[in-house]
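Engineer: Below is the sequence, then the predicted model.
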Amino acid sequence: MHSKTLRLIGLLACLAIALPVLAQFGYPLKGSWSGDWWLKKGEENHVLLEFNWDGKTLTGTLNPGTDNVALQKLTLTPPSGSVSNAMAGWDLHFEADMKDPRGQTVHHVVDGKLQNIGAYNKFVTGTWTVGNQKGEFKINLN
């Protein structure tokens, strides 16, 4: 009987510590993210992203600051179905119209998977399409 009581106390103590930590994460994409996208390995482009969630709407900004670009068609879709699907990550999609070095507007389409969702070191990887050229990207939560 004594060992059952100790186990129960230990379990409750673990839950008391873990629950506040989990509550601090909030919406899985909210916050500042940084990383790189590239059309060709070795020619990476550094990128900063800011995502916000107001309880209803997900919004985002690419390269916040003087050259900021509002993200369009921004969606984050949780997996449906089995636990193994949930481990595959959440689908992220957004589009943006950015100026190239010549000052011309170029359309960017980004599709990725948000991974490691329950941890502090979550990240997103996927494809970054610029015009008709497709590359890759990886961003991490800051």
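Structural biologist: Happy to help now that I have it. Residues are numbered from 1 along each chain as shown.
Engineer: what's the burial count for the residue nearest to L141 when sequence neighbours are not counted?
Structural biologist: The spatially closest residue to L141, leaving aside those adjacent along the chain, is K122, at 5.2 Å (CB to CB, 6 or more residues apart in numbering). All C-beta spots, glycine's among them, are computed from the backbone N, C-alpha and C. Residues near K122, counting by other CB atoms under 10 Å, number 20.
Engineer: For stretch 29-46, buried residues please.
Structural biologist: L29, K30, G31, W33, G35, W37, E44 (16 or more other CB atoms under 10 Å).
Engineer: Kindly reformat these as a markdown table containing secondary structure.
Structural biologist: Conversion of the buried residues of stretch 29-46 to a markdown table gives the following (DSSP: H, G, I helix; E, B strand; the rest coil):
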| residue | secondary structure |
| --- | --- |
| L29 | coil |
| K30 | coil |
| G31 | strand |
| W33 | strand |
| G35 | strand |
| W37 | strand |
| E44 | coil |
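Engineer: give me the low-pLDDT residue ranges for this structure?
Structural biologist: 1-26, 82-87 (pLDDT under 70).
Engineer: Mind listing what's buried along whatever helix or strand V47 lives in?
Structural biologist: Counting by DSSP states H and E, the element that carries V47 is strand 45-53. Residues of strand 45-53 classed as buried: V47, L48, L49, E50, F51, W53 (neighbour count, 16+ other CB under 10 Å).
Engineer: May I have the beta-bridge partners of E136?
Structural biologist: Here E136 shows beta-bridge partners W38, T127, assigned using DSSP bridges.
Engineer: check contacts around it.
Structural biologist: By CB atoms under 8 Å, 6 or more residues apart in numbering, E136 lies in contact with W37, W38, T125, G126, T127, W128.
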